[in-house]
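Trainee: Sharing a sequence plus its predicted fold:
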Amino acid sequence: MKALASPFVVALAAALVVALLAPPATAQSRDAENQLDAIVKNGKLRVCTTGDYKPFTFHDKTANSYQGIDIDLAKSLASSLGVEAEFVATTWKTLLPDFTAGNCDIAMGGISVTLERQKQVFFSDPYLVNGKAPIARCEDEAKFQTIADIDKPDVTVIVNPGGTNEKFVREKLSDARIEIYPDNVTIFQQILDGKADIMIAESVETELQEKLHPGLCAINPEKPLQYGEMGYMLPEGDVIFKAYVDQWVHLAKATGEFDRIYDAHVK
């Protein structure tokens with residue numbers, strides 16, 4: 001007569017069967033709540049953006065309208081879904097809490113992908129490789145070639161609060177004077193006016209500001225001080241919406257749409 005299996009063996013076997021039949025923990029059923037369906041249902045794509053970061057996002061207060069690379073791309077994404085883009089004002093300091101509070105569906109506007117942000121949100125696949133580069137008065141360009149050149153007690157580094165620019169200078173500079181300036185639109189004029197010596201920002205931004213502010217020079221933007229990537233901030237855990245945005249980014253690049261929009265704002 002065969003011995004009966006112990007209750008422990010029976011329970012273990014049952015648990016293994018359940019584990020093998022269950023979907024992966026990261027999978028998301030189409031029936032589960034997801035942002036993609038909510039956007040289509042609501043008829044609008046809510047986009048958090050700071051509006052102070054040319055060439056990616058800029059809020060023209062006179063016309064009460066937004067302009068920039070990521071503004072045009074947000075409209076393209078919305079159009080692909082058959083909805084309208086609605087821009088939600090935020091700041092670099094409040095970007096993450098505004099997004100995680102559900103104030104918007106996606107955040108766009110030159111946002112750097114960081115591990116700290118990744119702990120709380122999903123990111124799209126990177127759409128741009130970028131990095132931190134200095135910008136200073138052209139007569140000082142030769143003086144600020146390296147971090148060591150910048151990190152001196154007699155150098156004033158100006159920075160906008162709350163974003164990766166401030167994080168970078170606080171991590172990399174210990175001797176230079178760091179001045180926090182709240183207006184990311186007029187901050188570059190402070191350098192021209194001699195109220196600060198240098199700013200460290202994304203390399204593509206320094207190249208644009210060099211064109212907008214004669215007398216300022218982007219310093220080695222082709223060789224940034226730190227590697228960086230930009231992506232779009234998405235709701236954590238929503239793999240359906242992320243898959244859609246990733247495919248849209250891929251097609252925008254493959255069809256040349258991304259390059260046309262980028263060139264219109266940078267070149």
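Mentor: Done, it's in.
Trainee: Give the burial count for the residue nearest to residue 138 when sequence neighbours are not counted, as a bare number.
Mentor: Beyond its immediate neighbours in the sequence, the residue positioned closest to residue 138 (C-beta to C-beta, 6 or more residues apart in numbering) is residue 217, lying 4.1 Å away. All C-beta atoms are positioned from the backbone trio N, CA, C, and that covers glycine. The number of residues packed around residue 217, counting by other C-beta atoms under 10 Å, is 21.
Trainee: Give me the three-state assignment for residue 217.
Mentor: Using DSSP: H, G, I helix; E, B strand; the rest coil as the criterion, the local structure at residue 217 reads strand.
Trainee: Could you do residue 134 as well?
Mentor: Three states are possible here, and by three-state DSSP the one that applies to residue 134 is strand.
Trainee: Across the sheet, point out what pairs with it.
Mentor: Under DSSP bridges, the beta-bridge partners of residue 134 are residue 200.
Trainee: pLDDT at it, what is it?
Mentor: Reading off the confidence values, residue 134 has pLDDT 98.
Trainee: swap in the one 3 residues further on?
Mentor: You'll see residue 137 listed with a pLDDT of 98.
Trainee: Thought residue 136 was touching the residue nearest to residue 138, still the case?
Mentor: Yes: with contacts counted by C-beta atoms under 8 Å, residue 217 reaches residue 136, the gap being 6.6 Å.
Trainee: Could you look up the SS state of the closest residue to residue 180 other than its chain neighbours?
Mentor: Here the nearest residue to residue 180 in space, its sequence neighbours aside, is residue 161; by C-beta to C-beta, 6+ apart that works out to 5.0 Å. Here residue 161 takes the coil state, with states given by three-state DSSP.
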